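J.: Give me coordinates for this.
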Amino acid sequence: MERKQKLHAKCRKLVLETIEDLKAEIIDCQNTANDYGLAKDRYDSFRAQLLRKRDMFSQKLAKNNEQFSLLNRIDILKKQSKVEIGALVITKNQKFIISISLGKIELDGESYYAISPAVPIYKAIDGKRVGDEFEFNGQKNKILEIN
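T.: Have a look, this model is predicted:
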């Protein structure tokens, strides 16, 4: 259970770092646009580009806040007996934490993949139990452990 809690904490940390970075980018874009002032002529699009960039970062921030909220709703202490949200799934070839899509995560010298229920591999393992086999991208695999 400790490994699952560590992975969940690492996922939270990664998302929080991204949120802080995005907030800093938004502030930087806004400050630069404010310092630049109004457009110098009708062909001057620098300020507009900065504001579009700020809006793009704002959208990413909203998405990351949503992901952080999803992570917070996962009951990490729940012991799963099948593949579902919150499960740590160990297969013959890979290790997954079912939460949000963050990709590869290194923890204690091992590689794990934080995946969401929206990714294709989840569709292949959804609802499976320890000992079940599945096929993904033409490769057979077996679930060895679920926490």
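
J.: So for whichever strand or helix holds K10, mean pLDDT?
T.: Assessed by DSSP states H and E, K10 sits inside helix 2-36. On average, the pLDDT along helix 2-36 is 95.

J.: likewise stretch 70-81?
T.: When pLDDT is averaged over stretch 70-81, the result is 93.

J.: Likewise for stretch 57-67?
T.: 97.

J.: can you list contacts of that stretch?
T.: By CB atoms under 8 Å, 6 or more residues apart in numbering, the list of residues contacting stretch 57-67 from outside reads V15, T18, I19, L22, K23, E25, I26, C29, I100. Heads up, the C-betas are built off the backbone N, CA and C, glycines and all.

J.: Dump those residues into a markdown table; add distance to Q59 as well.
T.: Output for those, formatted as a markdown table (distance: CB to CB, whole Å):
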| residue | distance to Q59 |
| --- | --- |
| V15 | 16 |
| T18 | 13 |
| I19 | 13 |
| L22 | 10 |
| K23 | 13 |
| E25 | 12 |
| I26 | 10 |
| C29 | 13 |
| I100 | 17 |
